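Student: show me the folded form of this:
(2 chains)
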Amino acid sequence: MITHFFISFDAVLLHLIRIAVIIFILSAIAVSSTTLFLSWRRHQREYRRKVLRLKYEDVIFGLLHHGDMTEVGNIKKKLGNIEKWTFIGILNDLSKYFMYKDQEKIRQIAAVYDLESYMLKNIRSWYFMYRTRALKVLINIGCTQKSYPTLLKLGKSKNAVTRLYATQNLILYGSFDIEKDFVNYKYYLSLWEQMSYFYLFKYKLKNVPNFSIFLYSPNTSIILFGLRMMRLFRLPLDISSEFQEELMNKNAQIQMEVCRLFAINHKSINNKKALFTKIGLYSIEDMLSNYSRLDYMTTDTMLDIYYHTDNLSIKKHILICIYDYVSGGKSDIQYFASHSENGDLNEMCRNLIKEKDGK
Amino acid sequence: MESNFYIGFWQIINMLFLTYSMAIVIIYTGMSLVSIFHLFHYKTKNVDINYDFLLAAGDAAPSVSVIASAYNESATIIPCVRALLNLRYSNFDVIVVNDGSTDDTLEKLKKEFQLEKQSYIINYKIKTRKVRGIYRSENNIFRNLVVVDKENGGKADAMNCGINISYKFYVVCVDVDSILERDSLLKLVKAIIENKDEHVIGVGASVHVANGCKFENGSIREYAVPKKYFVGMQVIEYLRAFLIGRISLGQTRSLLLISGALGIFKKEAMLKVGGYLTSTIGEDMELVTHIQEYHYDKKIPHLVLYIPDPLLWTEVPETLQSLGRQRTRWTRGLIDTLKLHKRMFLNPKYRSTGLLGYTYFFFFEWMAAIVEMIGYIYFIIALCLGLTIWKTFFLLLVFMYLFGTTFSFLGVFINETNFHVYNKTKDLMRLIFYSLFEAFIYHPCIVFWSLKGNYMYLRGIKSWGVMKRKGF
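Tutor: Model (predicted):
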């Protein structure tokens, strides 16, 4: 009985393996030949694009070089029908180097071929890649009333990438009020998105928005966004000590950003005790290391923080920072170590000097 | 009756092999599908991405320390450090730890970058061997370079020393014998900051083979597939491992390994687990496994990610001897990590990391060579005894060969369609050729070294061995 079962099983197995072998021979041939075919096709396409790009660049650069944008309509006469994505690629690259005042030139060139309508068609595509790419292009070539309803809808998309680029378009179009609409923004803004907006504010907008209003948002990511933007644009932080305390008690990230902003503004943190409540030990140490490397940090400012903590690990780290980074800190630590006064500062400095040459 | 027993016995063994083979086929097919799907999504999401956002952000971009340990790396040290200093990022420094080199590594560094010894106190958050000196450059161009000279303590000890010196929030660990793509920091950091609430504690990326490529001033001028058989085979292996294996493990949140050659970590997470474990030779895998275990134990939300971009080019062994040493070391490191964190095995507390990641490494990374060896012995015995089942077994072998070859082809296919690394058709043809012949000489060698690694582990041998560098 068992023998019979196994023999018939063996036969079935052999048969199945034979089928699998054939399938895998076919798939091996298919995968390798597809790879070669796709590689060949890519090379062909790249070569064609390279030739077209040179041709388009010649005309576009010529126009930009002479600077007479009244002749923009001649582009169509010279180039005729274009391969749109190659043409857009050039405009996209150019927009990286064109500040807000020169953006108009790019828009004029794009308008010759009504690239906005073409982008709008792509934005409505089911394929995410086309949509994202088109939204990014639209930031550079500019949008008009006809794109507005679609952008407004996508500005509320569940997808963060779509939302980001749609909102950026709306900002440039002028329908998104940065100061008002961001305060009430209900979505989480990742650091990547914040950096992306920073780039837009810096290179595409004429005026720097008032970011301090973001600090009053119920959305913590918007508060962080506001603090970061204020730091990057070197804006002064003018808030009451009560509001400062309220911010310091929100979360560790906000606490750290407030501290950084204070450092930029050469101001002292009122509530130093709060500094050690929310942030993890290692983050505090890193923050102190960064702090102490700022040009205007002195031994006294660092010691001020030293006296506000009972944590020996942080105290030790502050002294190391003074020694390693603060200007004149080395001699200060040596002075504290040799000065025979009571208290932990003297003892800790002496131990540090002993540790100087490694454990 | 006796003959019934024999047939039954052989058939049961056959069934076991068949089950294992089928499990491999199913797992790897699943992994391939996950990878292809993720790559499609990744490519779509990052189309025409502008990394200038991060460059423009200055010190608002997350701060990063790039740490490279060097032990007798005289041949490669200068172009490698230059490549690190040339990385495109706005907020980073480079810490090179000279791990007690006996050659002129330190002297070369001092001369090339005009280094001067400086007085520093180190906060030994992780205990390491004694630091002999810290050097910084007098030249402002190299102001973000720090060179640490310390007593020899191994790679893990050197990396820990670099972590102690770093004052940045993130740490990128690299092998000094490798060349990083100029945008690698931007891509790694993007993966961290596009996620919510800074939950990402580690990100790995694809590592490719640098042998055969042409270099200029610390960067790659021309990508090419190496002509040597054993080096070319490693290209296939890397493509398969990184573009299929790691991507799928990363996507299923079950990554236990971020290559020691390139990985970014939240420094706080590293410090919490005491940095790299110095007593193991598989320190890179141990670190990631330990970090995952720690965060699950403490119920801290975390993410370990993997990005498919080829960001690092590493010099792989060119001689059989060096390759053998490297592979036995990898096996010993794997066993050590699996043993150290055995409580994760099939433990639902560790979610997919314990249920999928650990299980995968146990059954298909560690046990694969052992099962394969037993299979060969079994096949020879069956052949000697004149048993009919050898036909089934032979066909099974052919099937596994074809599956392996298809899988390798898939690695080449994914690489070509997504990253276009190798531009010449002859390079592609070479890769296809290597894929076809990998099973014949190269694969048995790998199995042998893996078994040797098991044997060495049992004997308690923990040496790293020497790898001769040709340099870039």
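
Student: and the residue of chain A closest to chain B?
Tutor: A:S289 (3.2 Å; Cβ to the nearest Cβ). C-beta: built from backbone N, CA, C; applies to glycine.

Student: nearest residue to residue 162 other than its sequence neighbours?
Tutor: By default, I'm working from chain A. In space, and not counting its chain neighbours, A:T162 is closest to A:L154: 5.4 Å by Cβ to Cβ, 6 or more residues apart in numbering or on different chains.

Student: try again with chain B
Tutor: B:I67 (3.5 Å).

Student: I figured that neighbour was touching B:K168, is that so?
Tutor: No - with contact defined as Cβ atoms under 8 Å, B:I67 does not count as touching B:K168 (9.9 Å).

Student: which ones are touching residue 196?
Tutor: By default, I'm working from chain A. A:L164, A:Q168, B:F53 (Cβ atoms under 8 Å, 6 or more residues apart in numbering or on different chains).

Student: oops, wrong one, chain B.
Tutor: A:Y188, A:S190 are the contacts of B:K196 under Cβ under 8 Å, 6+ apart.

Student: so for it, what's the pLDDT?
Tutor: B:K196 carries a pLDDT value of 77.

Student: give me the pLDDT value at the residue of chain A closest to chain B.
Tutor: A:S289 is given a pLDDT of 84.

Student: now do the contacts for it.
Tutor: A:S289 sits in contact with A:H317, A:C321, A:Y325, B:Y167, where contact means Cβ under 8 Å, 6+ apart.

Student: remind me which helix or strand it belongs to.
Tutor: Element membership for A:S289 (DSSP states H and E) is helix A:281-292.

Student: specify the next element, helix or strand, located C-terminal of that helix.
Tutor: helix A:299-306.

Student: how far does the next helix or strand after that following helix sit from the chain's center?
Tutor: Downstream of helix A:299-306, the next assigned helix or strand under DSSP H and E is helix A:312-324. Between the centre of helix A:312-324 and the centre of its chain there are 32 Å (Cα atoms, centre = their mean, to the nearest Å).

Student: list the buried residues for helix A:312-324?
Tutor: Along helix A:312-324, these residues count as buried under the neighbour rule (16 or more other Cβ atoms under 10 Å in any protein chain shown): A:I314, A:K315, A:K316, A:H317, A:I318, A:L319, A:I320, A:C321, A:I322, A:Y323, A:D324.

Student: does the fifth one touch A:D304 like I think?
Tutor: Read that as A:I318. No - counting by Cβ under 8 Å, A:I318 sits too far from A:D304 to count as a contact (9.7 Å).

Student: tell me the buried residues within the contacts of A:S196.
Tutor: Here, 16+ other Cβ under 10 Å leaves A:L164, A:Q168, B:F53 buried among those.

Student: what residues does the stretch 151-300 of chain B put near chain A?
Tutor: Neighbours of chain A within the stretch 151-300 of chain B, by Cβ under 8 Å from any Cβ of the partner chain: B:167-169, B:190, B:193-196, B:198, B:267-268, B:271-272.

Student: which members of those residues occur in helices, if any?
Tutor: Among these, the ones falling in helices (DSSP state H) are B:K190, B:I193, B:K267, B:E268, B:L271, B:K272.

Student: now do the contacts for the closest residue to the last one other than its chain neighbours.
Tutor: Excluding its sequence neighbours, the residue lying closest to B:K272 (Cβ to Cβ, 6+ apart) is B:Y294, at 6.1 Å. For B:Y294, the contacting residues are B:A269, B:K272, B:V273, B:I300, taking Cβ under 8 Å, 6+ apart as the criterion.

Student: quick one: the last one and chain A, what's the gap?
Tutor: Think B:I300. 11 Å (Cβ to the nearest Cβ, to the nearest Å).

Student: one more: the third one?
Tutor: Between B:V273 and chain A the computed distance is 12 Å (Cβ to the nearest Cβ).

Student: any chance of the backbone angles for that residue?
Tutor: Per-residue torsions, B:V273: phi -100, psi 10 (degrees, to the nearest 10).

Student: that one: how many residues sit nearby?
Tutor: Neighbours of B:V273 under the rule other Cβ atoms under 10 Å in any protein chain shown: 19.

Student: my guess is it meets B:H290, correct?
Tutor: Yes - between B:V273 and B:H290 a contact is recorded at 4.6 Å, counting by Cβ under 8 Å.

Student: touching chain A at all, stretch B:421-433?
Tutor: Yes - using Cβ under 8 Å from any Cβ, stretch B:421-433 reaches chain A at B:N423, B:T425, B:L428, B:M429, B:I432.

Student: need the residues of the stretch 151-300 of chain A near chain B, please.
Tutor: A:160-161, A:188, A:190-193, A:195-196, A:198-199, A:202-203, A:228, A:231-232, A:253, A:280, A:282-283, A:285-286, A:289-290, A:293.

Student: now do 6 Å
Tutor: Within the stretch 151-300 of chain A, the positions near chain B by Cβ under 6 Å from any Cβ of the partner chain are A:Y188, A:S190, A:L191, A:W192, A:M195, A:S196, A:Y199, A:R228, A:L232, A:Y282, A:D286, A:S289.

Student: state the pair within those that is farthest apart.
Tutor: Pairwise distances across these peak at 30.2 Å for A:Y199 and A:Y282 (criterion: Cβ to Cβ).

Student: residues in contact with the closest residue to chain A within the stretch 51-200 of chain B?
Tutor: Of all residues in the stretch 51-200 of chain B, the one sitting closest to chain A is B:Y167 (3.2 Å; Cβ to the nearest Cβ). Residues near B:Y167 by Cβ atoms under 6 Å, 6 or more residues apart in numbering or on different chains: A:D286, A:S289.
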